[in-house]
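>>> all I have is the shape, not the residue letters:
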Ligand code: NCD
């Protein structure tokens, strides 16, 4: 594995191997772990906001002993009109083993891969509405930790599916793991035009007997103002409330990639409740990203 730009580049065995590597690195002594990527350099370029993804890649790299540079895009020469390609080629000339890139434009990571050839690893930290493969891996890992085998599960995903790279990469990842029982529900105009999952006609029909419920934020930044649903009424029609949670299996887990909008897509009582694994996702995000970096660079 040289790049990590699309979850569809992986098969079931690759994903299971990354799960094993996640556990192995977690069990390793701090001292031994800190030698794994000694001498390696990573550069992070985030053209969109991020808390979880950026910080967890940084922690993962540092815990493995790599050097990580956060390129300050707001103060970089892209503001002087330099193209992304020139910026990347300039930074690559300084010497880096990998770029971690988040960009609003779908396909940016694939582009970078094409521009930089085989010299540098490209890690996609989210491109437009297309892919967010490290999020898919941490979500799959979290599901597997709770439920074991992923294939027989029923998974329901709610909200703005159309603009969510988290949803599209998770749907792809679930299918790679053999899980095909995937329901979607949300405002009709925020459902994808094409999907291998089932678009349901009500929250109840999507959630009934589900093992996993995934809630998503409305991606206001990716839609016209006229497309934005009325957020005051959103919880009532589309959000996960304690009553709606009862439709799912009694041991169902509740997931959210963050950032959450409390009392919009999810009631606080559910987000902070016993079935929520939202902070576990964040925790697992550091460990699964260690595995990704190790697999690419060690
Ligand atoms: C998501 C993203 O950036 O796609 N956040 C994340 O990486 N955890 C989801 C979102 O922004 O809603």
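Ah, there it is. Just so it is clear, the model here is predicted, and its values are computed rather than measured. Numbering: from 1, shown residues only.
>>> only C-alpha atoms from now on, for both contacts and neighbour counts.
Will do.
>>> and residue 182, its phi and psi?
For residue 182, the backbone dihedrals (degrees, to the nearest 10) come out as phi -120, psi 120.
>>> just give me the neighbour total for it.
Residues lying near residue 182 (other CA atoms under 10 Å) number 20.
>>> same question for the one 3 residues further on.
Using other CA under 10 Å, residue 185 has 25 neighbouring residues.
>>> got it, and residue 154?
Residue 154: 22 neighbours (other CA under 10 Å).
>>> kindly report the same for residue 126.
By the measure other CA under 10 Å, the count of residues near residue 126 is 33.
>>> also residue 55?
By the measure other CA under 10 Å, the count of residues near residue 55 is 14.
>>> wait, a strand at it?
No: if the criterion is DSSP: H, G, I helix; E, B strand; the rest coil, then residue 55 is helix and not within a strand.
>>> measure it to residue 130 for me?
Going from residue 55 to residue 130 by CA to CA, to the nearest Å gives 21 Å.
>>> next one: residue 54
Distance from residue 54 to residue 130, by CA to CA: 18 Å.
>>> ditto for residue 98
Distance, residue 98 to residue 130, by CA to CA: 21 Å.
>>> up against the ligand, what does the protein have?
Within reach of the ligand by CA under 6 Å from any ligand atom, the chain has these residues: 52, 53, 126, 165, 166, 217, 257, 258, 259.
>>> neighbour-wise, give me the winner out of the residues you listed.
Neighbour counts for the residues of the chain next to the ligand (other CA under 10 Å) peak at residue 126, which has 33 neighbours.
>>> shouldn't that residue be within a strand?
Yes: residue state for residue 126 (three-state DSSP) corresponds to a strand.
>>> change the start of the numbering to 59 and stick with it
Got it, first residue is 59 now, which makes that one residue 184.
>>> that one touches residue 166, doesn't it?
No: in this structure residue 184 lies outside contact range of residue 166 using CA atoms under 8 Å: 9.1 Å.
>>> perfect, that will be all.
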